[in-house]
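S.K.: Here's a sequence, model it:
(chains A and B)
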Amino acid sequence: MSRRPTSLRSTFALPLAAVASLASLVLLSGCQGAASSAQDVGEPVSGGVLRVAYDVDPECVDGQQVGNNTALNVARQVTDSLTDQDPETGEIVPWLAESWEVNEDSTSFTFHLRDGVTFQDGTEFTSASVKENFDAIIDLGAKATQGSSYLAGLRSVETPDDRTVTVTFDEPNAQFLQATSTMILGFYAPDTLEKTPEERCMGDIVGTGPFALDHFTQADSVTLSRYDDYGWPSSLAQHDGPAHLDGIEITVVPEATVRNGSLSSGQIDIDTAVLPQDEEVLESSGFPIVSRPNPGVVYHLFPNVGQPIADESEVRQAINKAIDRDELATVLSPHQSPATSTLAQSTPHYTDLSHLLEHDPDGAAQLLDDAGWELDESTGIREKDGEPLTIALSYWQTAPFLELVQQQLRTVGIDLQLDKKTIAEHRAVQETGDLAFDFYNLTRSDVDILRTVFDANGRNVNNREPEEVDEILDRTTATTDPDERGALAEEAVTALIEEGYSIPLVELSGVVATSPDVQGFHFEASSRIQFYDTWLAGED
Amino acid sequence: MRITPTAVLILRRLGHGAIVLWAAYTLSFLVLFVLPGDPVAIILGGADQSTATPEQIQAVREEHHLDRPFLVQYALALSGALRLDFGTSYATGMPVVQAIVQSLPSTLGLATAALALAVVGGTALAIIAVRTQRPTLRNILAGLPGLGVAMPTFWVGLLLLQVFSFRLGWIPALGADGFLGLVLPAITLALPLGAMIGQVLLTALDRAWAEQFVTTFRAAGLARTRLLLTHALRVASLSLLSIAGVLTGNLLSGAVVVETVFTRNGLGRLAESAVSSQDIPLVQGIVVFSALVFVVVNLVTDLLYPLVDPRTRPAARPSSRRTARPVAPTAAQEVSA
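M.R.: Below is the predicted model:
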């Protein structure tokens, strides 16, 4: 059963699903004809307004501030970045910076900027703009949690000339290079930086991107229009000059049934949040489905070794062995997949480590026996010193596969209690630090996410004392050499899984359905959307 | 200046209203404070993606006075509310008053249209049911209100969208701000309301029809329809006035569902998102605003009673006002009126 985080919506869920299935039957008969019209796509044409539906309100469209996925997708159209990241290889490639140098220990980064870049208000983009924006992000403080963590330890931003900027950190900071490819470190015009954070949230932002933000109405819509003088796309772009689309009309549509029906009836071009149960129907009626796993740390059970049960290495390892990840695939949509490592397969430098995550219930039982957890035949749950092997898991996400995990753990005598809460409630328990296990995923297209999450000096999700694996993690930030970082990441992930610090479950994917007329639609490296190359067939 | 009984009534009502508003504010503050949940999580965005440092979290706590004791927080919030400053939304940073004012026109338009439809539809149903000579038709009509109330609003809304927007393509599902966009949501919202009005009016008309004065009039040769429309309906409309508060409540709560289904950016949807994300200042603002609407509606109703029913006009000492429930006037009074 699909459950949504808010109470109002979950009361809708069941009847809605019934109506939806009824509706899709009706629609199927009506929409079969549309499927064949997209055969001959031809050359990209300019024009048309792309109508996109999101399920969640952006709330604040300023990409530098705290932003949800919708907000970051809006910001991606409005601002450009110093670099871009190839979604296939993870390689960092030129964008607003034509080239760059990184010093030996990854503490200093010098970027050589492209010429002739202007903000949408006509002001020139120079090295000073980079400095002003990075300073502004630091000033935002808690309002820019992600941005300020990317820039943590910033010592100075120097601008020897208009086209050169050198960013220096106190400590090695290899992740900074990938961070420069995100919209979170995107650039705004000097006028924008003088606005209050609230004004910027409400849409008062001017960037260098291919689309200018015309209007943002809270919880309703965002209107973007083409920046006609644009001519500095990322080196990954498939064309030059201004964007193909005249504009983009983003609407916030909370109800999945309404998004689905609007797409099927041609009232929108893209539904960015397709429910698993709608995928098949849409696909079979000719609406292409595009998905990409979110890079970064997959959905996990994160043990907190400061708590009983989670502090036992044998129990943590037994959980990893008791989970049958192949079986999880049966309850996932074809566009989601079970975890094959701590990192999602779309993360640069990912290695398939599924051999470490094989289903081995006998091994799990053996480990638990050895650790003194004896099976109580009457309840089917293991006990030690009169205490049952019960794990309470608080979470807020829509994750029906957890129920299967619960069953799988039960077969080896572990009692996993699922306790679904609202985000705010969950956060409140999280803050107490009393959770033996936590559940979430974290998106970032760089192996540095491992350090962010697991490092004993970082977030320290396991609440561990520093040990060997932290030294490996620290070494990943001292080099920008892709091969070396990849090898170090593999070493770290292997150690984390073997000790049961990492219990990966499922990769989260963004699933998007488009009308057959939408062409040139693709995800960028962080599985967010760049509409620069997108065009609408059938426009003149 | 002479103080009229009506002025006294209004002053008393305003006093009551102020107490209601204060109680609504205090109660909602208390409930939201007791609820498990951490406002800092809302302010800093999603629970998990946030990489805020403890110092940053502390800064947010201080900025929103979340580090202060309960009573201090309450006093600060209440003194702000008295100056019409309900703070800023945790989620968006927008001033609460601005957020409410922005979403008001859309909801007001929807509510007005729905109320008009409901009154016309409900009244028509009741009159036809009373007037008809055919028992079958009457039974069917008398059963409709029950059906109308029983049908879930979101289900009706989705069904209408499915048929008229997705299937027939007559009305756009999204982004229709004008009259066309109002049609389906107004019908959806009007349905339970019209059902309620129809039910109440039907019962009241039946009762009025059995009154002596009607018999007298009919004996005097007054036409059935004219009698029904002018005299009986006037009496029956008093009972409608008495459910005005309930109707308002239904309009507000119905708007939450209707605006979500029809993707309308109004007060209802604002309330839904505020509650689900525990956006405390915004929830507070909406609660107080809703309470204000109730106070005003009740005040207006109280002032309307005397106009419709002369017996409830406040005397020099209007202390027994609340006990004076409107009843159908006797034939003698009605004739002399």
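
S.K.: ok, now which ones touch the residue nearest the centre of chain A?
M.R.: Note on chain A: the residue nearest the mean C-alpha position is A:T443, at 3.5 Å, using Cα atoms, centre = their mean. By Cβ atoms under 8 Å, 6 or more residues apart in numbering or on different chains, the contact list for A:T443 reads A:N294, A:P295, A:G296, A:I449, A:L508, A:S526, A:S527, B:Q49. Where you see a C-beta, it was placed from the backbone N, CA and C, and this is true even at glycine.

S.K.: Can you check the pLDDT for the last one?
M.R.: When you say that, I think you mean B:Q49. As predicted, B:Q49 sits at a pLDDT of 50.

S.K.: got it, and the second one?
M.R.: The per-residue pLDDT reported for A:P295 equals 93.

S.K.: OK, contacts around it?
M.R.: A:L343, A:A344, A:S346, A:T347, A:P348, A:Y350, A:T443, A:R444, A:S445, A:A525, A:S526, A:S527.

S.K.: Over to the fifth one. Which of the three states is it?
M.R.: Here A:P348 takes the coil state, with states given by DSSP: H, G, I helix; E, B strand; the rest coil.

S.K.: ok, it touching A:I449?
M.R.: No - when contacts are counted by Cβ atoms under 8 Å, A:P348 is not listed as touching A:I449 (10.5 Å).

S.K.: Tell me how many other residues crowd A:A495.
M.R.: 18 (other Cβ atoms under 10 Å in any protein chain shown).

S.K.: actually A:P348, not the one I wrote
M.R.: 23.

S.K.: What does the pLDDT read for it?
M.R.: pLDDT at A:P348 comes out at 90.

S.K.: In three-state terms, how would the residue nearest to it when sequence neighbours are not counted be classified?
M.R.: In space, A:P348 comes closest to A:G90 once its chain neighbours are excluded; the distance is 2.2 Å by Cβ to Cβ, 6 or more residues apart in numbering or on different chains. Following three-state DSSP, the label given to A:G90 is coil.

S.K.: Now do the same contact list for A:G90.
M.R.: A:G90 neighbours (Cβ under 8 Å, 6+ apart): A:T347, A:P348, A:H349, A:S445, A:D446, A:P482, A:A525.

S.K.: And the next helix or strand past the lowest-mean-pLDDT helix or strand in chain A?
M.R.: The helix or strand of chain A with the poorest confidence is helix A:7-31; it has a mean of 41 (mean pLDDT, DSSP states H and E). Sequence-wise, the next helix or strand downstream of helix A:7-31 (DSSP states H and E) is strand A:49-54.

S.K.: So is that next one next to chain B?
M.R.: Yes - Strand A:49-54 comes into contact with chain B (Cβ under 8 Å from any Cβ of the partner chain), by way of A:A53.

S.K.: Can you give the distance of that strand from its chain's centre?
M.R.: 20 Å (Cα atoms, centre = their mean, to the nearest Å).

S.K.: How about the helix or strand that that strand is followed by and chain B, any contact?
M.R.: Remark: after strand A:49-54, the chain's next helix or strand is helix A:69-78, criterion DSSP H and E. No - using Cβ under 8 Å from any Cβ, helix A:69-78 stays clear of chain B, with a minimum separation of 8.9 Å.

S.K.: in its sheet, what does whichever helix or strand comes after helix A:69-78 sit against?
M.R.: Next helix or strand after helix A:69-78 toward the C-terminus (DSSP H and E): strand A:83-85. Applying DSSP bridges, strand A:83-85 is found paired with strand A:92-94 (antiparallel).

S.K.: ok, is stretch A:504-523 in contact with chain B or not?
M.R.: No - Stretch A:504-523 does not reach chain B (Cβ under 8 Å from any Cβ); its nearest approach is 11.2 Å.

S.K.: First residue to last residue on that stretch, what's the distance there?
M.R.: 24 Å (Cα to Cα, to the nearest Å).

S.K.: Flag every buried residue along that stretch.
M.R.: A:504-521, A:523 (16 or more other Cβ atoms under 10 Å in any protein chain shown).

S.K.: go on, stretch B:220-239?
M.R.: For stretch B:220-239, by 16+ other Cβ under 10 Å, it's B:L227, B:L228, B:H231, B:A232, B:L233, B:V235, B:A236, B:S237, B:L238, B:S239.

S.K.: from the contacts of A:P295, which is closest to chain B?
M.R.: Using Cβ to the nearest Cβ, A:T443 comes nearest to chain B of the contacts of A:P295, at 7.1 Å.

S.K.: so where do the helices sit in the stretch 1-150 of chain B?
M.R.: B:5-34, B:39-43, B:54-63, B:70-82, B:96-131, B:135-150 (DSSP state H, counting those that start in this stretch).

S.K.: packing partners for whichever helix or strand comes after the last one?
M.R.: I take that to be helix B:135-150. Heading C-terminal from helix B:135-150, the first helix or strand you meet, by DSSP H and E, is helix B:153-160. Helix B:153-160 sits against helix A:7-31, helix B:179-209, helix B:244-261, with contacts defined as 3 or more Cβ pairs under 8 Å, 6 or more residues apart in numbering or on different chains; DSSP states H and E.

S.K.: hey, which of the helices of the stretch 1-150 of chain B is tucked in deepest?
M.R.: Of those, the one with the most neighbours on average (mean count of other Cβ atoms under 10 Å in any protein chain shown) is helix B:39-43, at a mean of 23.

S.K.: Least confident of the helices of the stretch 1-150 of chain B, on average?
M.R.: Ranked by mean pLDDT, these bottom out at helix B:39-43, which scores a mean of 71.

S.K.: which ones are touching residue 200?
M.R.: Just going to use chain A. A:C60, A:D62, A:Q64, A:Q65, A:Y188, A:T192.

S.K.: my question was about chain B
M.R.: B:S239, B:L240, B:I243.

S.K.: if you set the cut-off to 10 Å instead, what comes out?
M.R.: The contact partners of B:V200, taken as Cβ atoms under 10 Å, 6 or more residues apart in numbering or on different chains, are B:G122, B:A126, B:P145, B:A236, B:S237, B:S239, B:L240, B:S242, B:I243, B:V246, B:L247.
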